[in-house]
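Engineer: Next come a sequence and a model predicted from it.
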Amino acid sequence: MRFLSGLGLWALSLLAIGPVHAETIAFTGARVIDGTGRAPIANGVVVVADGKITAVGTRAHTPIPAGATRIDVTGKTIMPGIVNAHGHLFFDAKSAIPPRTQLADQLALYARYGVTTVYSLGDDGVETVKLRDELRTAPFGPGMARLYVSGPVLTATTPDEGRAAVTANAARGVDIIKIRLEGAPDAPIRTPAVYGAMIDQAHIDKLRIAAHMFTADETKGLVDAGVDILAHSIRDRDVDPALIAEIKAKGVGYIPTLTRDLSVFVYESTPDFVSDPFFTREEVYRLPLAALLEPEAQARVKASAAAQAIKPALDQARRNLKLLSDAGVAIAMGTDTGAPTGRWQGYFEHLEMRMMVEAGLTPMKVLVAATGGAAKVMRIDDTVGTLRPGRQADLLVLGANPLADIRNTHSLEQVWIAGRKLD
């Protein structure tokens, strides 16, 4: 993906934010979806002061402070900003554009699509940590999504090597550890001795740990070893009741990343979504998309055995998402965006929600998974994810009701981060 030069989108986003002041704002008249799963509030009021939510309720029972700026959003829907529990940030080290600007441009892109918090489960762990720390000390929301980082995705060949890799990554100041079970079936990282040591070390270092996995058997091994988050779907067979019960009992979070699998094969032809005005509005998508749609590129995908094998895997992922959600497992929306080209930061979060509904979840369950549920899985629910007093005032104003049709998240009209509107 290419980035704008000069000031970059980041600098433009700074100009797009209003002045810093301690204004009290009251949004009035909207349908309010608070991100908890509770029934929406009709004719609601959301009060914001100093960048945080101070009150949420019906117009009849929620006092508006004297002197507050009132914003009439009658007929619209307010929901929390979207939380992506599995994204990525990357930069091209050979580019003339500084890494910080490249990373900031991506966070600005996420924000323009209403994704106000991103958990990067795989990044460089140096420039991303610097940017995360800068954002946390900013006096106001600078037009970018909030950022949490894992640093590099870790692998190892021995338990001692795995422990050392985890501790080295912890020393970078990351928020979480990410490991990937990959390689041949007998690869060391796939053995309980190695990944178990890494899980144990993460907990010793007071960090939670997420794992890339594929099969039900390796998922069971990870859960037995104490993993905190399953970063992808189980894609080889139906998850059995015993494993479902163990995942739920241990409070392990589950991030399905359906769009990750879709992206592996969908460019064998021209996807319908590339003509969606909600997609085409972003200039930054155009050049990488054109490369994916070249006839030679499409032919390579169609001829790829690996790409074709993901099609039934995605069908299995959908079935398992429904099974796990129905059983009460904690589901967090995540997309794997920002990894290979074709996983579109910003747009794919909305497509992921649509695919989750198509898998059988209700729009309300999906909206919770993309807001308060994701925040709870990632242990940041005391800060973001819901419209409750004391949480950051990260909220979206939609022109239509996503509970009636999840595609109505495309009716995004306003994005607010820390009580400041993005223009």
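Structural biologist: Sure thing, it's come through. Everything numeric in this text was worked out from a predicted model, so none of it was measured.
Engineer: low-scoring pLDDT stretches of this protein, where are they?
Structural biologist: 1-22, 139-141 (pLDDT under 70).
Engineer: longest helix anywhere in it?
Structural biologist: The longest helix of the chain (DSSP state H) is helix 305-326.
Engineer: and for the helix or strand following it, what are the contacting residues?
Structural biologist: Later in the chain than helix 305-326, the nearest helix or strand by DSSP states H and E is helix 347-358. Contact with helix 347-358 is made by 82, 84, 110, 113-115, 256-259, 262-263, 273, 276, 278-279, 282, 285, 318, 321, 333-335, 337, 363, 365-367, 369-370, 406-407, 409-410, as judged by CB atoms under 8 Å, 6 or more residues apart in numbering. Yep, even glycine has a C-beta here, placed from its N, CA and C like the rest.
Engineer: Please list the members of these that lie in strands.
Structural biologist: Ile82, Asn84, Val115 (DSSP state E).
Engineer: surely the first one meets Val118?
Structural biologist: No: with contacts counted by CB atoms under 8 Å, Ile82 stays clear of Val118, the gap being 9.3 Å.
Engineer: Next SSE downstream of the helix or strand where Ile244 lies?
Structural biologist: Assessed by DSSP H and E, Ile244 sits inside helix 241-249. Scanning forward in sequence from helix 241-249 by DSSP H and E, the next helix or strand is strand 253-254.
Engineer: Give me the distance from that next one to the chain's centre.
Structural biologist: Relative to the mean C-alpha coordinate of its chain, strand 253-254 is positioned 13 Å out (CA atoms, centre = their mean, to the nearest Å).
Engineer: by contact count, what packs against it?
Structural biologist: Secondary-structure packing of strand 253-254 (3 or more CB pairs under 8 Å, 6 or more residues apart in numbering; DSSP states H and E): strand 229-230.
Engineer: Can you point out the buried residues in the longest helix of the chain?
Structural biologist: 307, 310, 313-314, 316-321, 323-325 (16 or more other CB atoms under 10 Å).
Engineer: what do you get for stretch 25-43?
Structural biologist: 25-37, 40-41.
Engineer: What about the residues you listed, which are in helices?
Structural biologist: Per DSSP H, those never map to helices.
Engineer: The residue lying farthest from the centre of the chain: which element?
Structural biologist: What lies farthest from the middle of the chain is Ala66; by CA atoms, centre = their mean that is 36.9 Å. Counting by DSSP H and E, no helix or strand carries Ala66.
Engineer: Spatially central residue in this protein, please.
Structural biologist: Asn84 (1.0 Å).
Engineer: surely that residue meets Asp336?
Structural biologist: No: when contacts are counted by CB under 8 Å, Asn84 is not listed as touching Asp336 (9.4 Å).
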